[in-house]
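In: After the sequence you'll find the predicted model.
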Amino acid sequence: MIVDIKDLRKTYKGGFEALKGVTLGIKEGEILALLGPNGAGKTTLISTICGITNPSSGSVTVGGHDVVTDYRAARSMIGLVPQEINLEPFNKVIDVVTYSRGLFGKKANPAKIEEILKQLSLWDKKDARVMMLSGGMKRRVLIAKALSHEPRVLFLDEPTAGVDVELRKDMWDVVAKLKEQGVTIILTTHYIEEAEAIADRVGVINGGELLLVEEKAALMQRLGQKTLQVDLQAPVERVPESLAGYDLELAEDGHALRYHYDTTGESTGITRLLGDISAAGLQLKDLQTEQSSLEDIFVGLVKEDAA
Amino acid sequence: MNYTAVWAIYSSEMVRFFRTIAQSFISPVISTSLYFVVFGAAIGSRIDQVEGVSYGAFIVPGLIMLSVMTQALSNASFGIYFPKFIGTVYELLSAPISFFEIVLGFVGAAATKALFIGVVILATASLFVDVPITHPWAMVLFLVLTCVSFSLFGFIIGVWAGNFEQLQLIPLLVVTPLVFLGGSFYSISMLPAIWQKITLFNPVVYLISGFRWSFFGTADVPVGLSLLAIFGFTSLCMVIIWWIFKTGWRIRA
């Protein structure tokens, strides 16, 4: 685990409990997406790992270094792209980015800075003052700053909030390239599509608690599950013997049969099922299918948590 | 020690200074010249000598102190307040640097600027009057310590300030009066007896007196007391800053 979070709690002055015992291991080289509504504790979690706020209790290590007692070694490995566009307005792009590298104690390396700026399509703006840039460009500068000191772990706090489609695509490309280089990436987001598009694992956080962390593939598997509901003309008391092999569920007081199947499988078995239903002498009234989306799972989890 | 980071902070602060080098250089030259026109020529012509020194020369140490103190204060307070205001403080907090290194970068830069301005004023003054420097090493020591201590003080104000008004508050309401009443333009012995006593509660009196002693060899208060005052003030600021960073007061929640 390159980042190891153990029972992390944060209570702000005034009593607000932003993190209620988060435990999470992040594997080297993975992309982890943290999904959660506003005020879920995503930013507090990142801030505590990066040293912007102090934990109330619990521990975090990065690369085996405790972020409080061994902060120099821990923070040297971390790059942070904050949610807000916090930039020195009067300085040139290249100076702002070079400054970040120095701040992290890395020797000046103009070639590296050039490479990063080119990768983010900022090279032709290198001598522009930050305040002259558009919002999307400023966000690129924030990313360039975080990359300037060659972090092993990169935190992206809502990197695509309020960003146009083109920049979002660019951002995803950059993330993919960094992953190739072995950088571990943790991003927070509101957008489920974003988690789907780039993450290896997805965590759902709400009310300061981590509700779920799962491989995206496993989540997608769950997403691949569909349910077919067969409405019947006349109700039945139990599922007919001849349909026992389908693992059907009786619904709506016997007026409907529900069948779960996997759309990613080779055959769904629907044709055969429908044939067998009519062979069993049941009259069909209607058919409907439903699919649970990541959004459903997410909303379900968050609602459950609130209840 | 992360020297690269200290240098990054220091040089980026200095860049701000050199970007406005014309203002940084010209404004102390002009204000010093104005003081000489008003105090030296207009008023000074009616004041013969103060403690055996021509009035024009007498005000030089006070003038330097006045500018150095206010410049150190405003540079250092603005230096740390600005990242808080625009939000870039997140980077200072998440970088692998200690608070000591942060202070070294910001305070070092503010003190350098103040020192630069002090030297410019001294040079300008030398064009108007003959300024003897009896104890040059003591002069440098007082000047540097004043630059450092007032930069430390400014750093505290910058951390404390929640808005631009508060940033101006202490320099305007506390420091400027203390400096003007601290004997920048007069000798304490010129005051009525009662005010000579009261004025001894003003810490700036000790700083200006000691600094003036290094020029002319005469002082309002014993020079040992002046040294004690400047070291005491520097230490006090350091203790407060140590406490700020230990508790994260107004910086790290």
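Out: Sure thing, it's come through. Residues are numbered from 1 along each chain as shown, chains lettered A, B, ... in the order given.

In: Just the helices from chain A, written as ranges.
Out: Counting by DSSP state H, one finds helices in chain A at the ranges A:42-50, A:71-76, A:93-103, A:110-119, A:135-147, A:165-180, A:192-198, A:216-224, A:270-279, A:294-306.

In: let me fix that: the stretch 51-200 of chain B
Out: B:55-86, B:89-94, B:99-128, B:136-160, B:164-170, B:176-180, B:193-198 (DSSP state H, counting those that start in this stretch).

In: Can you tell me which of those is packed in deepest?
Out: helix B:55-86 (a mean of 24; mean count of other C-beta atoms under 10 Å in any protein chain shown). Quick note: C-beta positions are derived from backbone N, CA and C, even for glycine.

In: and that one with chain A, contact?
Out: Yes - shown here: helix B:55-86 in contact with chain A (C-beta under 8 Å from any C-beta of the partner chain) through B:Ile86.

In: picking that back up, in TSV: the helices of the stretch 51-200 of chain B, plus mean pLDDT.
Out: Shown next, in TSV, are these (pLDDT from 0 to 100):
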stretch	mean pLDDT
helix B:55-86	91
helix B:89-94	94
helix B:99-128	93
helix B:136-160	95
helix B:164-170	90
helix B:176-180	87
helix B:193-198	88
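
In: Those: which one's closest to A:Gly203?
Out: A:Gly203 sits nearest to helix B:89-94 of all the helices of the stretch 51-200 of chain B, at 21.2 Å, using C-beta to C-beta.

In: hmm, who's touching the closest one?
Out: Applying C-beta atoms under 8 Å, 6 or more residues apart in numbering or on different chains, the set of residues contacting helix B:89-94 from outside is A:50-52, A:75, A:78, A:80, A:82, A:86, A:100, A:103, A:145, B:9, B:83, B:102, B:251-252.

In: Looking at these, spot the one nearest B:Ala123.
Out: Closest to B:Ala123, out of all of these and judged by C-beta to C-beta, is B:Ile9, at 28.5 Å.

In: now for the helices of chain A, which one comes closest to chain B?
Out: For the helices of chain A, the distance to chain B is smallest for helix A:93-103, at 2.9 Å, taking C-beta to the nearest C-beta.

In: And the average pLDDT for that closest one is what?
Out: Averaging pLDDT along helix A:93-103 gives 96.

In: helices and strands around it, which ones?
Out: In terms of contacts (3 or more C-beta pairs under 8 Å, 6 or more residues apart in numbering or on different chains; DSSP states H and E), helix A:93-103 is packed against helix A:110-119, helix A:135-147, helix B:3-19, helix B:89-94.

In: how about the third one, does it get close to chain A?
Out: Yep, that's helix B:3-19 we're talking about. Yes - under the criterion of C-beta under 8 Å from any C-beta, chain A is reached by helix B:3-19 at B:Thr4, B:Ala5, B:Trp7, B:Ala8, B:Ile9, B:Ser12, B:Val15, B:Arg16, B:Arg19.

In: In JSON lines, list those along with pLDDT.
Out: JSON lines is the format used below for the residues of helix B:3-19 next to chain A (pLDDT from 0 to 100):
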{"residue": "B:Thr4", "pLDDT": "95"}
{"residue": "B:Ala5", "pLDDT": "95"}
{"residue": "B:Trp7", "pLDDT": "96"}
{"residue": "B:Ala8", "pLDDT": "95"}
{"residue": "B:Ile9", "pLDDT": "95"}
{"residue": "B:Ser12", "pLDDT": "92"}
{"residue": "B:Val15", "pLDDT": "88"}
{"residue": "B:Arg16", "pLDDT": "82"}
{"residue": "B:Arg19", "pLDDT": "81"}
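
In: Can you check the distance spanned by stretch A:84-101, start to finish?
Out: 20 Å (C-alpha to C-alpha, to the nearest Å).

In: And stretch A:9-26, by the same measure?
Out: First-to-last residue span, stretch A:9-26, C-alpha to C-alpha: 18 Å.

In: One more: stretch A:177-197?
Out: Termini of stretch A:177-197 sit 14 Å apart (C-alpha to C-alpha).

In: cool, and stretch B:213-222?
Out: Start-to-end, stretch B:213-222 (C-alpha to C-alpha) is 9 Å.

In: Surely B:Val29 is in a helix?
Out: Yes - looking at B:Val29 with DSSP: H, G, I helix; E, B strand; the rest coil, it is inside a helix.

In: Could you check how far the nearest residue to A:Glu237 once chain neighbours are set aside is from chain B?
Out: Nearest residue to A:Glu237, sequence neighbours excluded (C-beta to C-beta, 6 or more residues apart in numbering or on different chains): A:Gly254, at 6.0 Å. Counting by C-beta to the nearest C-beta, to the nearest Å, the gap from A:Gly254 to chain B is 59 Å.

In: quick one, which of the helices and strands packed on helix A:93-103 is nearest to B:Val140?
Out: helix B:3-19 (20.6 Å).

In: elements contacting the closest one?
Out: For helix B:3-19, the packing partners by 3+ C-beta pairs under 8 Å, 6+ apart are helix A:93-103, helix B:99-128.

In: picking up where we left off before, save the helices of the stretch 51-200 of chain B as TSV, and put in distance to A:Glu214 too.
Out: Below are the helices of the stretch 51-200 of chain B laid out as TSV (distance: least, C-beta to C-beta, whole Å):
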stretch	distance to A:Glu214
helix B:55-86	39
helix B:89-94	29
helix B:99-128	40
helix B:136-160	43
helix B:164-170	48
helix B:176-180	63
helix B:193-198	74
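
In: right, so of those helices, which gets closest to A:Asp4?
Out: Checking those against A:Asp4 by C-beta to C-beta gives helix B:89-94 as the closest, at 18.4 Å.

In: Give me the residue at the spatial middle of the chain.
Out: Looking at chain A here, since you left the chain open. A:Ala33 (2.0 Å; C-alpha atoms, centre = their mean).

In: wait, chain B
Out: The C-alpha lying nearest the average C-alpha coordinate of chain B belongs to B:Met69 (C-alpha atoms, centre = their mean; 2.0 Å).

In: Give me the distance between that one and chain A.
Out: 26 Å.

In: Excluding chain neighbours, what is closest to that residue?
Out: Using C-beta to C-beta, 6+ apart, the closest residue to B:Met69 is B:Phe150 (4.9 Å).

In: again, but for B:Val205
Out: Per C-beta to C-beta, 6+ apart, closest to B:Val205 is B:Gly182, 4.8 Å.

In: and if you look at B:Met1?
Out: B:Met1 sits nearest to B:Glu101 (C-beta to C-beta, 6+ apart), 6.9 Å away.

In: quick one on the thing from earlier: comparing the helices of chain A, which comes out most buried?
Out: helix A:42-50 (a mean of 25).

In: which helices and strands sit right next to that helix?
Out: strand A:3-11, strand A:17-26, strand A:57-62, strand A:78-81, strand A:153-157, strand A:184-189.

In: of those, which approaches A:Gln229 most closely?
Out: Taking those one by one with C-beta to C-beta, strand A:184-189 is closest: 32.8 Å.

In: any idea of the angle the closest one forms with strand A:3-11?
Out: Angle between the axes of strand A:184-189 and strand A:3-11 is 40 degrees (criterion: axes from the mean of the first three to the mean of the last three C-alpha atoms, to 10 degrees).

In: what angle do strand A:184-189 and strand A:153-157 make?
Out: Using the same axes, to 10 degrees: strand A:184-189 against strand A:153-157 is 10 degrees.

In: gap between A:Glu17 and chain B?
Out: Between A:Glu17 and chain B the computed distance is 13 Å (C-beta to the nearest C-beta).
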